[in-house]
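Enquirer: turn this into a model:
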Amino acid sequence: MVVITLQRNKCIGCNYCVEFAPAQFQMSKKDGKSVLLHSTNKKGFHTIKSQDHTILDSCEKAAESCPVKIIVVKDV
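Expert: Prediction:
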């Protein structure tokens, strides 16, 4: 299972996550911050759990490219 977490309130809107993983991330037109698609929000941590391991590489690249390091990707 792949678990992806985004701390959206700390996002600076650089768009790197969308460039590397457009199927999981998009930029909000309201505030210019990243949105983790189909995620649940618990106290500012937006999380998805997926059985699809094909998203792992692109999401890891998104996490590595994030200048404020607010994306965490785990393969559990």
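
Enquirer: show the backbone phi and psi for the residue lying farthest from the centre of the chain.
Expert: Distance from the centre of the chain peaks at Lys30, with 17.5 Å (C-alpha atoms, centre = their mean). Dihedral angles of Lys30 (phi, psi; degrees, to the nearest 10) stand at phi -80, psi -50.

Enquirer: give me the distance between it and Val3.
Expert: In this view, Lys30 and Val3 are 26 Å apart by C-beta to C-beta, to the nearest Å. Where you see a C-beta, it was placed from the backbone N, CA and C, and this is true even at glycine.

Enquirer: what do you get for Glu60?
Expert: Using C-beta to C-beta, Glu60 is found at 12 Å from Val3.

Enquirer: which one's more surrounded, these two?
Expert: A side-by-side neighbour count of Glu60 and Val3, using other C-beta atoms under 10 Å, places Glu60 first with 18 against 14.

Enquirer: the strands in the protein, which residues?
Expert: Assignment of strands within the chain using DSSP state E yields the ranges 2-7, 25-27, 34-36, 40-42, 45-50, 71-75.
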